[in-house]
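Asker: 3D model of this:
(one chain, ligands or ions: 1)
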Amino acid sequence: MRQVNGVRPEAEAETEPIADIRALFDMYQIGVAWHCVCAISRLRVPDRLVGGARPMPLLAAEVGADEDALRRVLRLLSSHGIVAFDPVADEVSLTGRGRLLCASHPMSLQATFATLGISDVAHALTETLVTGHAAAPHVLGTGFWEYLASQPDKQTAFGEAMVEQAQLLSLPCLPLLDWPAGGVVVDVAGGIGVLTAGVLVEEPELAVVLVDQPHVLTLAVPYLESQGVIDRCTLHPGDLFVPPPPGDLYLLARVLHDWDDASAVRILRAVANGAPPGARLRLFEDLLPEHGVPSPQQNWSDVAMMVLYEGAKERTLTEYQRLLERGGWLFERVVTGPPGMSVIEASRGRTPAGPDTGEVEP
Ligand SMILES: C[S@@+](CC[C@H](N)C(=O)[O-])C[C@H]1O[C@@H](n2cnc3c(N)ncnc32)[C@H](O)[C@@H]1O
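Answerer: As a prediction, this is how the structure comes out:
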């Protein structure tokens, strides 16, 4: 059967609708499975199963869940290979896939599922589709960052999710890059410091200034202590739109895709205005292809950004180059990291960044 991107042509679909009906029902059902994974991750159910199979009544009591509800959710997840459910013994155990949802796993995705994020706001996607605006303020009553700031446990989970994702995407880029022999790296909006710690561990001669919102930096302290690097790190409470402290090299990792073009330019100009002449900049971002179809993961992330943050989007290298130019930076080169991550390198323009004069012609 001829297929385009795994989808059958319309004429065939009309005469053979069963496979497509099944595919659509799979999509219909997978949304519930996704919410089930988020819910068991938030209650840390997989962590309770690390030691082996557990009887349902005991497990429900340990995680503070309703026993019947938990049994039914885990039974559903057993058909997705996340747990094994034994209905006779009424006990449940983890599979290899489920083990990745334990917080203690070195490649854990527990916080990625547990964090406040797309699972909380995607149901309001119709709002975004009609208005073109992010759904998060519509659902949360305020902007995503402001809401996180008001909910300390959710802020903690978000920080942990950023660590998990940076471990998979950003940290593998570090050995691919040339680092200065000494000096100061400024990790702007560096969260709880996963990249900061990665740089400090790999490059013992460097010091890092970690810049983020004050309540985020409070969470960075135990993380940096746990990595044994806090003594080479300065914590600088700061705003993205205000020039950061002077440094030799600035990092903006997975920050610009959270913002619309005008805000991204303001951020780049703020960094340029804090940077001494000769300073360099590294952007860690996933780059959309210049031509052709983005990967499914990129399409997912692009829509997720659109729903979560006003004007946010994934971009091509050309689009980042234009932002850099408007932001007072000279593009130098791009280093390709693991799938889903690239590093764009730039240096500070000769003159400090003045007011933005608008879109630079291609
Ligand atoms: C997507 S996270 C990326 C964190 C980190 N760079 C990483 O790669 O894991 C974006 C970061 O931007 C920070 N942020 C958002 N708005 C900010 C603002 N106005 N000033 C400073 N930081 C801000 C958030 O606190 C968060 O840590």
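
Asker: Enumerate the residues of the protein near the ligand.
Answerer: By the rule Cβ under 6 Å from any ligand atom, the part of the chain lying against the ligand is 145, 162, 166, 170, 189-191, 194-195, 212-213, 216, 239-240, 253-255, 258. No exception for glycine: its C-beta is placed from N, CA and C like everyone else's.

Asker: and those residues, which are buried?
Answerer: 145, 162, 166, 170, 189-191, 194-195, 212-213, 216, 240, 253-255, 258 (16 or more other Cβ atoms under 10 Å).

Asker: Count residues in the vicinity of Asp260, would you?
Answerer: Asp260 has 15 neighbours, counted by other Cβ atoms under 10 Å.

Asker: in the chain, which spans are strands?
Answerer: With DSSP state E, the ranges of strands along the chain come out as 54-55, 83-86, 91-94, 183-188, 206-212, 233-237, 249-253, 280-285, 287-288, 315-316, 329-336, 342-348.

Asker: I'd like the ones you listed written out as JSON lines, with mean pLDDT added.
Answerer: As requested, those are exported to JSON lines (pLDDT from 0 to 100):
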{"stretch": "strand 54-55", "mean pLDDT": "98"}
{"stretch": "strand 83-86", "mean pLDDT": "97"}
{"stretch": "strand 91-94", "mean pLDDT": "98"}
{"stretch": "strand 183-188", "mean pLDDT": "98"}
{"stretch": "strand 206-212", "mean pLDDT": "98"}
{"stretch": "strand 233-237", "mean pLDDT": "98"}
{"stretch": "strand 249-253", "mean pLDDT": "98"}
{"stretch": "strand 280-285", "mean pLDDT": "98"}
{"stretch": "strand 287-288", "mean pLDDT": "98"}
{"stretch": "strand 315-316", "mean pLDDT": "98"}
{"stretch": "strand 329-336", "mean pLDDT": "98"}
{"stretch": "strand 342-348", "mean pLDDT": "97"}
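
Asker: closest one to Val32 among the ones you listed?
Answerer: strand 83-86 (15.7 Å; Cβ to Cβ).

Asker: So which elements touch that closest one?
Answerer: Of the remaining helices and strands, those touching strand 83-86 by 3 or more Cβ pairs under 8 Å, 6 or more residues apart in numbering; DSSP states H and E are helix 67-78, strand 91-94.

Asker: partner strands of the shortest one, parallel or antiparallel?
Answerer: Think strand 91-94. strand 54-55 (antiparallel), strand 83-86 (antiparallel) (DSSP bridges).

Asker: Single out the most deeply packed of the ones you listed.
Answerer: Among the strands paired with strand 91-94, strand 83-86 has the highest mean neighbour count (mean count of other Cβ atoms under 10 Å), at a mean of 18.

Asker: Turn the strands paired with strand 91-94 into a markdown table, including distance to Ile344.
Answerer: Shown next, in a markdown table, are those (distance: least, Cβ to Cβ, whole Å):
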| stretch | distance to Ile344 |
| --- | --- |
| strand 54-55 | 47 |
| strand 83-86 | 41 |
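
Asker: Where does the record place the domain boundaries for this structure?
Answerer: 10-109, 148-348 (automatic domain parsing).

Asker: Deepest-packed of the ones you listed, please.
Answerer: Using mean count of other Cβ under 10 Å, domain 148-348 ranks as the most buried of these, with a mean of 19.

Asker: hmm, back to that, go through the helices and strands packed on strand 83-86 and name the closest to Gly141.
Answerer: Closest to Gly141 of the helices and strands packed on strand 83-86 is helix 67-78 (Cβ to Cβ; 27.5 Å).

Asker: pLDDT averaged over that closest one - what is it?
Answerer: The predicted model assigns helix 67-78 a mean pLDDT of 98.

Asker: residue ranges with poor pLDDT in this protein?
Answerer: By pLDDT under 70, the weakly predicted segments of the chain are 1-15, 350-362.

Asker: Show me the longest helix that occurs in it.
Answerer: The longest helix of the chain (DSSP state H) is helix 17-42.

Asker: and that one, what does it pack onto?
Answerer: With contacts defined as 3+ Cβ pairs under 8 Å, 6+ apart, helix 17-42 has these neighbours: helix 67-78, helix 110-114, helix 118-121.

Asker: For stretch 211-226, which outside residues touch it?
Answerer: 145, 149, 152, 155-156, 159, 163, 186-194, 196-197, 210, 230, 233, 235-239, 244-245 (Cβ atoms under 8 Å, 6 or more residues apart in numbering).

Asker: Please tell me how far Arg22 sits from the ligand.
Answerer: 36 Å (Cβ to the nearest ligand atom, to the nearest Å).

Asker: likewise Lys313?
Answerer: Distance from Lys313 to the ligand, by Cβ to the nearest ligand atom: 14 Å.

Asker: ok, now His35?
Answerer: 22 Å.

Asker: Verify the stated contact: that residue with Asp120.
Answerer: No: taking contacts as Cβ atoms under 8 Å, His35 lies outside contact range of Asp120: 9.9 Å.

Asker: beta partners for Ala207?
Answerer: For Ala207, the beta-bridge partners are Val184 (DSSP bridges).

Asker: residues contacting it?
Answerer: For Ala207, the contacting residues are Gly183, Val184, Val185, Arg232, Cys233, Thr234, by Cβ under 8 Å, 6+ apart.

Asker: Closest one to the ligand out of those, please.
Answerer: Val185 (12.7 Å; Cβ to the nearest ligand atom).

Asker: so what's the closest one up against?
Answerer: Here Val185 is in contact with Thr196, Val199, Leu206, Ala207, Val208, Val209, Gly247, Asp248, Leu249, Tyr250, Leu251 (Cβ under 8 Å, 6+ apart).

Asker: Can you tell me the closest non-neighbouring residue to the third one?
Answerer: Of all residues beyond its chain neighbours, the one nearest Leu206 is Val185 (5.5 Å), with distances taken as Cβ to Cβ, 6 or more residues apart in numbering.

Asker: Alright, I will stop here.
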